[in-house]
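1. Below: sequence and its predicted model.
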Amino acid sequence: MKNVRVDTFIKLPDKRCLAYTEYGDELGMPVFLLHGLPGSRLSWGMLPDNPFPDGLRIIAPDRPGYGRSHAKPGRTLTDLSDDIAILADALNIQSFAVVGVSGGGPGALASAWKLQERIHAVSIVASPAPTNAPGIFEGMSKTNHFFMKLAWYVPWLSNLNIRLLGIAIRHNPAHYIQSMKYKVHEVDQTLLKRPEIREILIKDFTEALGNGSQGMVDDMSANHGHPWGFPLGQIKARVHFWYGELDRSASPAMGKYLSSKVPNSEMTLVPGAGHLWVLVHLNKVLDDLKQTMETNQNLIK
């Protein structure tokens, strides 16, 4: 893996382990980078080329239930905010930015709301919106639409389905990645044909689900099975939403909804991009975030 400086964990007050990896510049401006569903702290170090701009200190935790981080069954989106605050304290970081990718987006927004005195810049990439929000399923694949609705209306069946899916991914991640082509746009299918991208996803999913699928179960419940539990309109941080024009997993309609609710925000609709765009363009997101941090006098190390 590239640019890995630290790969360790802390003990939380409730005795859970929270694993994290650090990338980039040890003395740089701190950015917490939250992976998707499924995903792990290690994925970022496997991305093509070097996605980390000079001057950024990237802290990438395993969200609860993934990788080496212990699960917190029944967790809410704001529970993740507490874990991030504790990790930041342990690293002597007062103010920082946060990036949430895909399934990590809702938790990043919850953190921006709950930790608004500490988080002053946010980037959200291909995040879902609340399941009960109007108009968000336009342009989404029927498969994703079905499973998000299942989480909302029949949570016990959704939990069972996700546990079985987790078992299937652990048993044969390559087969699951192959099956992804049926729910993504052709532009994502092209990316999935690249051997290095498949290898990244296989390693990442293997790490993410090494201790079971509880993280996925809790993500589906927190992201899609309930109201989010915090007001988007009270987020004070500058938020930049990034969505692929051809994303069928987190549709542009979701980005339009979220950006319309977060007061100090903008949305970039990336032409010709799908859900996996960030795997080869994370550097663009981080470069933009770095510029925001550099011009924000309130954000200090």
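-> Done, it's in.

2. Which helix or strand lies directly C-terminal to the helix or strand where residue 110 lies?
-> Using DSSP states H and E, residue 110 sits in helix 105-114. Once helix 105-114 ends, the next helix or strand along the chain (criterion: DSSP H and E) is strand 119-125.

3. For the helix holding residue 110, name the packing helices and strands.
-> In terms of contacts (3 or more C-beta pairs under 8 Å, 6 or more residues apart in numbering; DSSP states H and E), helix 105-114 is packed against strand 29-34, helix 77-90, strand 96-101, strand 119-125, helix 214-224. (C-beta placed from N, C-alpha, C; glycine too.)

4. Between these, which one is closest to residue 18.
-> helix 77-90 (5.6 Å; C-beta to C-beta).

5. what residues does that closest one touch?
-> 10, 12-13, 18, 20, 30, 32, 34, 59, 61, 63-64, 72, 94, 96, 98, 106-107, 109-111, 113-115, 118, 222-223, 228-230 (C-beta atoms under 8 Å, 6 or more residues apart in numbering).

6. tell me the angle of that helix relative to strand 119-125?
-> 130 degrees (axes from the mean of the first three to the mean of the last three C-alpha atoms, to 10 degrees).

7. Just the buried residues of helix 77-90, please?
-> 77, 78, 79, 80, 81, 82, 83, 84, 85, 86, 87, 88 (16 or more other C-beta atoms under 10 Å).

8. of these, closest to residue 46?
-> Of these, the one sitting nearest to residue 46 (C-beta to C-beta) turns out to be residue 87, at 21.8 Å.

9. Look up how far residue 35 lies from the closest one.
-> Applying C-beta to C-beta, to the nearest Å, the value for residue 87 to residue 35 is 14 Å.

10. Give me the most central residue, the protein.
-> residue 104 (2.4 Å; C-alpha atoms, centre = their mean).

11. Contacts only, for that residue.
-> Counting by C-beta under 8 Å, 6+ apart, residue 104 has contacts 34, 35, 36, 37, 39, 63, 127.

12. How about residue 121?
-> Neighbours of residue 121 in contact, by C-beta under 8 Å, 6+ apart: 97, 98, 237, 238, 289, 292, 293, 296, 299.

13. Mind picking the two most distant members of the residues you listed?
-> Farthest-apart pair in the contacts of residue 121 is 98 and 296; separation 13.4 Å (C-beta to C-beta).
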